[in-house]
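Student: sharing a model that was predicted from the sequence below.
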Amino acid sequence: MEPLSPYRQSTAMRLVVLFTLFFFFLLIAGGIGAAIGLIPGISLRTSFLLSSVVQCIVAFCVPAWFTARFSTSRPWNFLCVTKNPGWKPFAGVMIVYCLALPAMNQIIAWNESIHFPAFAAEFETTLRELEDANSSVADAMMEMHTVWEFLITLAVVGLLTGFSEELFFRGSLQHIFIEGHAKKWIAVWGTALIFSAMHFQFFGFVPRVLMGAFFGYLLVWSGSLWPAIFAHVLNNSIVVITMWMSGGEVDNGIDSFGVAVGNAFPLAAVASCIATALFLWGFRNYFFKTKR
């Protein structure tokens, strides 16, 4: 196998390739999405779902793979999808999800309730209007009236979105940072910040950073992208399943999952946070770390 030329090993060059391809293919995906919307008789929900499929594949998977191919002659190894991590990381992810749910609900509620100072009120209004517009798209995609519609939404929002975003952010972006000899915690948290920022949702920024960091550490600990993909797919799928079971009505202030009501102390959320930290501290090596 021929050694790679220095510019193909350069972290800066790899980042340039990744994001140049991302923005180029994002424009293409946007054009295809607009064309889909012009199909006679197509529903708004179907249009959004098809556009989401195109965006996942064209804007996330394709740039990730081409950047990996630019970086090495073994792109799938670069993306960390060739290693079988065994069953333990997947079991560990489900345990963490259950333990962390009340704490995450509390953080989500807190982040959504943030208000800017008076001098920045207009900026806050703009951010909330942008999020409301994004929410309207998500709401249209979540309008599920039949089992078939539920399964399609689960496949697109749960499986495909989780897979494609992990391939791009953790498999490609985070791996570029790590191969560039960045400290692993910097690579994990830096990627998590970029991951959250690129969703353009300030009032969901903090919980998304925390989830992104967890996904990143799953890759670092296991050496495989599959536990991170599983965790991302699980999180997205639970949202779809909850929307389906509730008929599209989800109460973000769920007291039974630890969200504080009024001035009440969020005891369940604090206990959840402690339990999650103790589990990761005590059982991380058993569940998530695999032999190299």
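Tutor: Yes, it's here. Quantities reported herein were computed from a predicted structural model and do not represent experimental measurements. Numbering: from 1, shown residues only.

Student: contacts made by the helix or strand harbouring Pro63 with the rest, please.
Tutor: Using DSSP states H and E, Pro63 sits in helix 62-71. Contacts of helix 62-71 from elsewhere in the structure, counted by C-beta atoms under 8 Å, 6 or more residues apart in numbering, are 4, 8-9, 14, 17-18, 21-22, 25, 75-76, 78-79, 167-168, 171-172, 176, 179. C-beta: built from backbone N, CA, C; applies to glycine.

Student: go on, stretch 279-292?
Tutor: Counting by C-beta under 8 Å, 6+ apart, stretch 279-292 makes contact with 83, 85-86, 88-89, 91-92, 95-96, 99, 217-218, 221-224, 227, all of which sit outside it.

Student: so after the helix holding Pro63, what's the next helix or strand?
Tutor: Next helix or strand after helix 62-71 toward the C-terminus (DSSP H and E): helix 75-78.

Student: any idea what sits nearest Tyr217, other than its immediate chain neighbours?
Tutor: Counting by C-beta to C-beta, 6 or more residues apart in numbering, Tyr217 lies nearest to Val188, which is 5.7 Å off, once chain neighbours are set aside.

Student: circling back: so which of the contacts of helix 62-71 sit within helices?
Tutor: When helices are assigned by DSSP state H, the members of those inside them are 8-9, 14, 17-18, 21-22, 25, 75-76, 78, 176, 179.

Student: out of the residues you listed, the closest to Ala109 would be?
Tutor: Within those, the smallest distance to Ala109 is 31.9 Å, found for Phe22 (C-beta to C-beta).

Student: ok, now which ones touch that closest one?
Tutor: Ala59, Phe60, Pro63, Phe168 are the contacts of Phe22 under C-beta under 8 Å, 6+ apart.

Student: pLDDT, neighbour count and distance to Tyr286 added to those, as JSON lines?
Tutor: Compiled in JSON lines, the contacts of Phe22 are given as follows (pLDDT from 0 to 100; neighbours: other C-beta atoms under 10 Å; distance: C-beta to C-beta, whole Å):
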{"residue": "Ala59", "pLDDT": "97", "neighbour count": "22", "distance to Tyr286": "37"}
{"residue": "Phe60", "pLDDT": "98", "neighbour count": "24", "distance to Tyr286": "32"}
{"residue": "Pro63", "pLDDT": "98", "neighbour count": "24", "distance to Tyr286": "35"}
{"residue": "Phe168", "pLDDT": "98", "neighbour count": "26", "distance to Tyr286": "30"}
